Structures are given as structure tokens and as C-alpha cells.
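**Q** missing the sequence, but the structure's below:
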Ligand code: XMP
Ligand code: MG
């Protein structure tokens, strides 16, 4: 086994490249239909949403504009606290705009709840959320997520933008890491 090949670090593949691309095309068609004739602003959350944004926006047929936001969530270890610091704010004025926030994964939903409230305070026409993956806690929370790719089990996953110590973002599939990677 070649240790330099990142796929060899996966224990199991949860979602294949094909499954992800098919789902992204479905989401793009829905978003195209829902925002027909509107001037949609799509905001990607750095860095995890880079891959979803790139493929989702290329699968869409309507005009859109793109912006990015980077946030860091204060918290202990892997648990997010809901207290968020803006590392890079939007370049765009949200006044009167229809906004779609794109995320890679929603876990507790605290980061997105904060971001949605923050955006809503800037006077937009609407703010909706699209996430490729959603974990069970987020599905239970009252955060309203209009577009969900896949509901996944409560396991730590990497690939397609998702990282472990900043690695594995460039996998074209999504999976769990083999135990030897954590040791
Ligand atoms: P919330 O606030 O919804 O935070 O709890 C979501 C953020 O938590 C990270 N996260 C993960 N990152 N694999 C990852 O690589 C995972 O399985 C995972 N679960 C949560 C991620 O940064 C996301 O934006
Ligand atoms: Mg993230």
C-alpha cells in the first residue's frame, strides 16, 4: 500500500464521488428552480465549503454572484460553542439580497445559527442554508436548513472539503479515517 495515496487512509467510504456529484446536481436544479428570476448571492463558508461551492455553482444554470466568509468557532476541542469570530467578512452588502449560505457539514448547528442571525441583521430579502452533509444533532435542532444533501451518522468524516488537521480536503469522496491515522 502506498502511504502517499490519501485514499489509503480511509477506513470506509461513506459517499462515493458519483453519489456526491449526483446529489449536487439535484440540489443545483432545486436551487435554480426556487430562485428563478432572482439575483441570488451564494456565500460559501471557508474552507470546508470550497468543493461543494465549486461543483454546485457549476451545476447551476442561472446567474449568481459568489462571496465567501471565514469564521472560527470558540469551543473546547471538536465541540463548537456557538460563539463565533469573523476571520473574513463578506465583500457584499446584503441589503435587499436573496442569500444562500453553503456549508460542507452541520453538526450542532450553532455556527450556522449564529451566521444566519448575523446575516439577517444586515437587511437581506431572504437567507437560506444549503449543506452537503448533516449530522443527527443538527437534524434535531430547530435550525431551518432548506437544502440538505445527505443525513449522515454521528461519525467524524473527511474528504470533499472536510479535513482532519487540514488534510484530506482534496479527496473526491467522503469517508471515515482508519484508526492508524489518529495514532
Ligand atoms: P457546528 O456549529 O454545526 O459546526 O457544530 C460545524 C463545523 O464542525 C466541523 N465538523 C466536522 N469537520 N468532519 C470534519 O472534518 C466532521 O465529521 C465534522 N463534524 C463537524 C466543521 O468544521 C463544520 O463546519
Ligand atoms: Mg466548516
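**A** Ah, there it is. Bear in mind that the values here come from a model prediction, so they are computed numbers and not experimental data. Ligands and ions are numbered 1, 2, ... in the order given.

**Q** and residue 58, how many residues sit next to it?
**A** 10 (other C-beta atoms under 10 Å). The way it works is simple: take the backbone N, C-alpha and C, and place the C-beta from them, glycine included.

**Q** Equivalent analysis for residue 12, please.
**A** Residue 12 has 10 neighbouring residues, counting by other C-beta under 10 Å.

**Q** Helix or strand: which one has it?
**A** strand 10-15 (DSSP states H and E).

**Q** Run through who's touching that strand.
**A** The contact list for strand 10-15 (C-beta atoms under 8 Å, 6 or more residues apart in numbering) reads 150, 152, 155, 157-160, 171, 173-179.

**Q** Buried ones among those residues?
**A** Restricting the contacts of strand 10-15 to buried positions leaves 152, 157-160, 171, 173-177, with burial counted as 16 or more other C-beta atoms under 10 Å.

**Q** same for ligand 1: which of the residues you listed are within range?
**A** Contacts with ligand 1 within the buried ones among the contacts of strand 10-15, as defined by C-beta under 6 Å from any ligand atom: 157-158.

**Q** measure residue 56 to residue 120 for me?
**A** 22 Å (C-beta to C-beta, to the nearest Å).

**Q** the more surrounded of these two?
**A** residue 56 (25 against 13).

**Q** Let me know the closest of the contacts of strand 10-15 to residue 67.
**A** Nearest to residue 67 among these: residue 160, at 20.9 Å, using C-beta to C-beta.

**Q** from what I can see the closest one touches residue 150, true?
**A** No - counting by C-beta atoms under 8 Å, residue 150 is not a contact partner of residue 160; they are 11.0 Å apart.
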